[in-house]
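**Student:** Starting from these lines, generate the structure:
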Amino acid sequence: MDSRLNGSARLMLVSDLDYTMVDHDDPRNTSLLRFNALWEAYYRHDSLLVFSTGRSPLSYKPLRDEKPLLTPDITIMSVGTEIIYGEGDAMLPDDGWQHYLNHNWDRNIVVEETTKFPQLTPQAEAEQRPHKVSFYVDKVEATEIMNVLSERLAKRGLDVKIIYSSGIALDVLPKAAGKGQALAYLLKKFKIDGKLPCNTIVCGDSGNDAELFTLPEVYGVMVGNAQEELLHWYAQNAKSNRRILHATERCAAGILQAIGNFHLGPNVSPRDIKDFQKCNVNIFSPAYEVVKFYLFYEKWRCAEVEKSEQYMQNLRSIFHSSGVFVHPSGVELPLHQCIDAMARLYGDKQGNQFWTWVDQLTSAQIGSDTWLVKFYKWELNENERQCTLTTVLIKSQVEVPDTFTWLHMHQTWLDGFAIANAERWLF
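**Tutor:** Numbers count the residues shown, from 1 in each chain. Below is the predicted model of the structure:
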């Protein structure tokens with residue numbers, strides 16, 4: 001289980017990926033980046049992010065490489081047949097869940113019986129998993145196939161669940177599997193450990209997400225672009241459930257809408273700040289400070305804020321005059337020299353796909369007024385992606401309430417994500 005939090009999560013957010021967290025129809029990833037800023041500024045420190053996807057580990061990685069996704073604490077994959085803790089090289093499968101799914105399951109029998117249906121087209125090999133056999137089938141034929149196949153597998157002694165989603169995908173799983181069952185398993189483990197989240201919200205758009213909404217005591221949002229199959233399930237089974245919202249906003253924007261609707265915490269993303277000089281939010285934290293700076297950095301370089309010397313003066317006032325920036329190349333530079341360099345870069349990314357976001361942000365108070373903040377800083381410039389592990393030392397200003405001073409910044413390249421021309425990298 002997740003060991004990052006000492007106690008119960010304030011919020012556990014469980015979201016499907018494709019067309020829920022990720023809007024594949026938005027090349028600018030607007031709502032996803034809004035969610036990212038909100039989560040890292042307000043929630044990462046005391047909440048849990050869980051992705052629940054139909055994708056296998058093999059097809060999940062290309063999505064991570066393509067989209068600006070945050071790093072989840074837990075990933076439920078392959079339509080609830082695999083539970084993974086951590087990310088990357090630190091990914092750890094839940095072997096207990098795998099063992100539990102073996103009951104009355106024989107993959108070979110499932111494969112044998114499904115070959116008798118020529119209408120079923122096997123999905124790619126990457127989507128075939130130990131406890132999931134996946135196909136494509138036309139919508140008009142799906143219901144009859146599901147009924148007949150269920151009877152045949154039951155006669156052969158198997159307990160299975162057949163899920164149809166997205167109007168084309170058919171998955172055969174053990175009966176104990178599924179996104180809802182996997183989440184129920186996690187909640188039970190958290191309860192045993194005395195760490196049951198204070199609130200849980202589930203987010204989805206298609207038929208394989210329906211199970212998530214059946215769990216008692218969870219909030220749910222069907223995003224505005226939810227598919228007919230999920231809306232039909234909702235109308236038949238959960239229309240009177242006031243804990244479930246059909247959002248008017250698409251994808252991640254619908255998730256933000258639901259957080260506000262259910263009063264689960266802040267739901268206005270720092271990315272929605274229009275005027276950095278006049279913004280006034282009721283929060284004072286190192287996390288918000290870091291997120292806000294990098295959003296301004298992106299907007300400055302994209303000429304999405306006014307070219308004002310006042311902005312640069314404000315930055316110089318919060319970056320210590322003798323502060324040092326250790327560039328990922330190892331070169332040490334005065335922080336104020338970096339601010340001067342940033343001033344000259346106004347609008348150099350205008351018209352380009354240029355985004356910055358922070359991930360896995362943590363802060364530790366190491367003195368009465370001093371914090372050490374660590375995070376991964378990502379930058380996407382057209383099709384090039386760079387990332388540094390960044391450490392910032394900041395302290396609160398006694399003379400100016402609700403203001404931090406940046407004392408020191410240190411960056412090192414994440415393996416495989418260094419920039420070819422180091423001189424092009426700033427902050």
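**Student:** Now that residue 19 has come up, it's in contact with residue 223, right?
**Tutor:** Yes. In this structure, residue 19 is within contact of residue 223 by C-beta atoms under 8 Å, at 7.5 Å. All C-beta spots, glycine's among them, are computed from the backbone N, C-alpha and C.
**Student:** shared neighbours of these two, anything?
**Tutor:** Common contacts of residue 19 and residue 223 (C-beta atoms under 8 Å, 6 or more residues apart in numbering): 205, 251.
**Student:** which of those two has more neighbours?
**Tutor:** residue 223 (32 against 19; other C-beta atoms under 10 Å).
**Student:** Chain neighbours aside, what residue packs nearest to that one?
**Tutor:** Nearest non-adjacent residue to residue 223, counting by C-beta to C-beta, 6 or more residues apart in numbering: residue 254, 3.6 Å away.
**Student:** Same question for residue 258.
**Tutor:** In space, residue 258 is closest to residue 221, 3.5 Å off (C-beta to C-beta, 6+ apart).
**Student:** now swap in residue 55 and tell me
**Tutor:** That would be residue 77: by C-beta to C-beta, 6+ apart, it lies 6.2 Å from residue 55.
**Student:** sorry, back to before: kindly provide the distance from the residue nearest to residue 223 to residue 248.
**Tutor:** 7 Å (C-beta to C-beta, to the nearest Å).
**Student:** Quick check: neighbours shared by these two?
**Tutor:** Common neighbours of residue 254 and residue 248 (C-beta under 8 Å, 6+ apart) are residue 224.
**Student:** Neighbour count for the two, which is higher?
**Tutor:** residue 254 (26 against 10).
**Student:** Mind listing residues that contact the host helix or strand of the more buried one?
**Tutor:** Secondary structure assignment for residue 254, by DSSP states H and E: helix 251-261. Here helix 251-261 makes contact (C-beta under 8 Å, 6+ apart) with 13, 15, 19-23, 26, 30-32, 34-35, 38, 201, 203, 205, 219-225, 245, 247-249, 264-269.
**Student:** Quick check: next helix or strand after that helix?
**Tutor:** Once the chain leaves helix 251-261, the next helix or strand it forms, by DSSP H and E, is helix 286-301.
**Student:** what's the spacing between that following helix and its chain's center?
**Tutor:** 19 Å (C-alpha atoms, centre = their mean, to the nearest Å).
**Student:** what angle separates the next helix or strand after it from helix 286-301?
**Tutor:** Using DSSP H and E, the helix or strand that follows helix 286-301 towards the C-terminus is helix 309-318. Per axes from the mean of the first three to the mean of the last three C-alpha atoms, to 10 degrees, the angle that helix 309-318 makes with helix 286-301 is 150 degrees.
**Student:** Would you mind pulling up the elements that helix 309-318 packs against?
**Tutor:** Packing partners of helix 309-318 (3 or more C-beta pairs under 8 Å, 6 or more residues apart in numbering; DSSP states H and E): helix 335-344, strand 404-413.
**Student:** can I get the CA coordinates of the helix holding residue 254 in PDB?
**Tutor:** Taking Å, rounded to 0.1, in the frame of the first residue of the first chain, the C-alpha atoms of helix 251-261 are listed here in PDB:
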ATOM      1  CA  CYS A 251     -13.000  15.400 -19.200                       C
ATOM      2  CA  ALA A 252     -10.700  16.800 -16.400                       C
ATOM      3  CA  ALA A 253     -12.800  20.000 -16.400                       C
ATOM      4  CA  GLY A 254     -15.700  17.900 -15.300                       C
ATOM      5  CA  ILE A 255     -13.600  16.500 -12.500                       C
ATOM      6  CA  LEU A 256     -12.900  20.000 -11.300                       C
ATOM      7  CA  GLN A 257     -16.600  20.800 -11.500                       C
ATOM      8  CA  ALA A 258     -17.400  17.800  -9.400                       C
ATOM      9  CA  ILE A 259     -14.900  18.600  -6.700                       C
ATOM     10  CA  GLY A 260     -16.600  22.000  -6.300                       C
ATOM     11  CA  ASN A 261     -20.100  20.600  -6.500                       C
END
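**Student:** what about residue 63, is that helix, strand or coil?
**Tutor:** helix (DSSP: H, G, I helix; E, B strand; the rest coil).
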